[in-house]
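Generate a structure from the sequence data that follows.
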Amino acid sequence: MSRPSILLVLGAGPFFATAAGAAHAQRGPLVADRPDFTEAAATVGRGVFQLEFGYTYEYDRPEGSGGGGVWTHSLGEPLLRVGVLAEGLELRLGLNPVSMGAGADGRNITERGVEDLYVGIKLALAEQDGFRPALAILPQMTVPTGSGAFTNDRTLPGVNFIYGWDLSDNVALAGSTQLNRAVTASRDAEDAEEEYREWAQSAVAGFSLGARAAVYAEWFAFFHDEPLGTRTEHYANGGFTWSLGDDLQWDIRAGVGLSEAATGFFGGTGLVVRFP
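Numbers count the residues shown, from 1 in each chain. Down below sits the predicted model:
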C-alpha cells in the first residue's frame with residue numbers, strides 16, 4: 001500500500017480561530033485537525049495535550065472489479081498533538097488501524113493491520129494580518145512500523161504548508177499545499193516498488209452556526225507523479241462539528257470522489273479531547 005488511505009490524511013476541524021489571535025493561544029478556542037483534510041494553522045499551545053480519534057468507512061468499485069466493491073474500515077485513527085517548548089510548536093504522532101475487504105457482499109475481510117506511524121512537527125509562522133493569512137509549516141513523515149500488508153517498508157518524508165483567513169466571526173477560508181514522498185502500490189513480486197513525488201492541494205470554507213456548531217465544505221486533490229505517468233484524485237467533502245464543552249468536540253463528515261482514480265465514497269465520525 002502506498003499513501004495511507006483517506007482515513008488518516010483528513011485534517012482540521014472548525015478553524016474559526018486559526019487566524020488572528022489564536023495561532024499561539026494556549027487556552028483559546030479548541031481547534032482540531034479533523035474532520036476535514038486541511039490542517040489548521042493553529043497549534044495547541046505549550047504544555048497542552050490534544051487527542052483526536054474517530055472512525056471512517058471508505059467504499060470504492062474500481063474499474064475491472066467485476067461489480068464487487070472494495071471497502072475499508074478504520075476504528076481509532078488516533079492523532080496525538082502535544083505543545084512543546086513554545087506556544088507555536090507542537091509534536092504530532094498518528095496511527096491508523098484498518099481492515100480492508102473486497103467482494104459484492106462487503107463482508108469478506110481480506111486484511112487487518114496497522115498503517116505506518118505518522119510523525120510531524122507543526123510550526124506556527126504568523127498570525128493573520130489583513131490580507132496576509134495565518135501561516136504554518138508542517139514537516140512530516142511516515143516510518144515503517146506498520147503491518148505487512150500496510151507498511152511502505154521505508155521512511156517517507158514530506159512537508160505541508162498551511163494558510164487560513166478569518167473573514168468574520170462566522171466565516172473562514174483555509175488551504176494547504178503538500179509535497180510528500182510515496183511509493184507505487186504494486187505488490188507483484190516481479191515489480192519493485194518505486195518512490196515518487198505526491199502533491200496535495202486543498203481549499204475549504206467554514207461557517208459557524210452559533211457558539212457550539214460549525215459546518216464546512218471542501219475540495220482536495222492528490223497529484224501522483226508516478227514513474228508510469230501522472231494520476232490525479234479529486235474529492236469533495238463536507239461535515240459538521242459540535243462543541244460538547246471547552247475541551248471536547250464531536251464531528252461527522254462525508255465525501256465523494258470526483259475523478260476516476262479517486263475513492264468513490266467515504267464517511268466517518270470522531271471526537272477531540274484537550275487536556276490542559
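
what's the burial count for the residue nearest to Thr155 when sequence neighbours are not counted?
Leaving aside its chain neighbours, Thr155 sits nearest to Val143 (5.2 Å; criterion: CB to CB, 6 or more residues apart in numbering). For the C-beta atoms, the positions are set from N, CA and C on the backbone; glycine is no exception. Val143: 15 surrounding residues under other CB atoms under 10 Å.

pLDDT weak spots in the protein?
1-27, 63-68, 104-107, 185-192, 227-229 (pLDDT under 70).

what about the strands in it?
49-60, 69-83, 89-94, 97-103, 109-114, 117-126, 134-143, 156-166, 171-183, 195-208, 213-226, 229-245, 248-257, 265-275 (DSSP state E).

I'd like those as TSV, with distance to Pro29 appended.
Listed next are these as TSV, based on distance: least, CB to CB, whole Å:
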stretch	distance to Pro29
strand 49-60	12
strand 69-83	15
strand 89-94	16
strand 97-103	30
strand 109-114	32
strand 117-126	15
strand 134-143	14
strand 156-166	11
strand 171-183	12
strand 195-208	10
strand 213-226	11
strand 229-245	9
strand 248-257	10
strand 265-275	10
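
re the thing from before, and the gap between the residue nearest to Thr155 and Gln50?
From Val143 over to Gln50 the distance is 22 Å, taken as CB to CB, to the nearest Å.

before we move on, what about Pro35?
For Pro35, the distance to Gln50 - CB to CB - is 14 Å.

And those two? Which one has more around it.
Using other CB under 10 Å as the criterion, Pro35 and Gln50 rank with Pro35 on top: 32 against 24.

Contacts only, for that one.
Neighbouring residues of Pro35 by CB atoms under 8 Å, 6 or more residues apart in numbering: 10, 13, 54, 239, 241, 251-253, 268-270.

Out of those, who's the most crowded?
Result: Leu10 is most packed of those (other CB under 10 Å), 29 neighbours.

what about Gly206, neighbour count?
27.

so it makes contact with Gly175?
No. If you go by CB atoms under 8 Å, Gly206 and Gly175 don't touch, sitting 11.8 Å apart.
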